[in-house]
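1. Got a predicted structure plus its sequence, pasted below:
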Amino acid sequence: MIRAYFYHCETCGLGFPSLEPLERCPRCAGVVRLRSTRLLPSEAEREGYANPLQPPVVGVVDNVRSAWNVGGLFRVADAAGLSHLYLCGITPVPPHPGIAKTALGAEEAVPWSYHADAVDLVKTLRQQGWTLWALETEGATTCWHPGLPRPEKPLALVVGNERAGVTPQVLELCQQVLYVPMRGRKRSLNVTAAFAVVAMGLGGCPEES
């Protein structure tokens, strides 16, 4: 277990947490008052724990450019119980400092492989009997919601480039093209956020044994 400390600065009024004891405010160097502490489980205590989705679900990462986004995708894949991430095209791969910064170790927990062309990979997955769903804003035909029935066969969830989207030839090979409903002025979410919305909704609420 690790201990988190929650402080309040008596000079500037900043309330903030720290994972180590402090006497001074990080913003103004004023005196701080300890409000409370909390014990948190360390990452090591989760090692060996896994509750993957069945039938298996994998992610296909089609030319996602940002290493920070890729790290986020690893973090989501681990949390959602995905079995594998296929990193394609210009997608950065571990080890990479940007991936490590946002994955926080998930890049070591989730199996992954690199493939030069997402089109070739997706053709192979279809031949192997996988169902393919893509997340897109253009040309999407189905609105994602948690009640959408998941296929009884293994499922591959495809996300594409931050600006260009999923490769058109990949979209043509997918059985479903989904969009996340947007109620604001923006038409899309960050690729990691969109992936999280769908991936985390696929498995319901697991019970840890």
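-> Arrived safely, thanks for sending. Numbers count the residues shown, from 1 in each chain.
2. So in the protein, where's the weakest helix or strand by average pLDDT?
-> strand 142-143 (a mean of 92; mean pLDDT, DSSP states H and E).
3. Mind listing the strands that one pairs with, and their directions?
-> strand 176-179 (parallel) (DSSP bridges).
4. Can you name the element that comes right after the partner strand?
-> Counting by DSSP states H and E, the element after strand 176-179 in chain order, helix or strand, is helix 191-201.
5. Which elements pack onto that next one?
-> strand 57-62, helix 67-80, strand 131-135, strand 155-159 (3 or more C-beta pairs under 8 Å, 6 or more residues apart in numbering; DSSP states H and E). C-beta: built from backbone N, CA, C; applies to glycine.
6. CA-only coordinates of the longest one, as CSV, when you get a sec.
-> The C-alpha trace of helix 67-80 is given here as CSV (Å, rounded to 0.1, in the frame of the first residue of the first chain):
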residue,chain,number,x,y,z
ALA,A,67,2.6,8.2,-28.6
TRP,A,68,0.6,9.7,-25.7
ASN,A,69,-2.6,8.5,-27.3
VAL,A,70,-1.1,5.0,-27.9
GLY,A,71,-0.2,4.9,-24.2
GLY,A,72,-3.7,5.8,-23.3
LEU,A,73,-5.0,3.0,-25.6
PHE,A,74,-2.8,0.5,-23.7
ARG,A,75,-4.2,1.8,-20.4
VAL,A,76,-7.8,1.4,-21.6
ALA,A,77,-7.1,-2.0,-23.1
ASP,A,78,-5.8,-3.2,-19.8
ALA,A,79,-8.7,-1.8,-17.8
ALA,A,80,-11.3,-3.1,-20.3
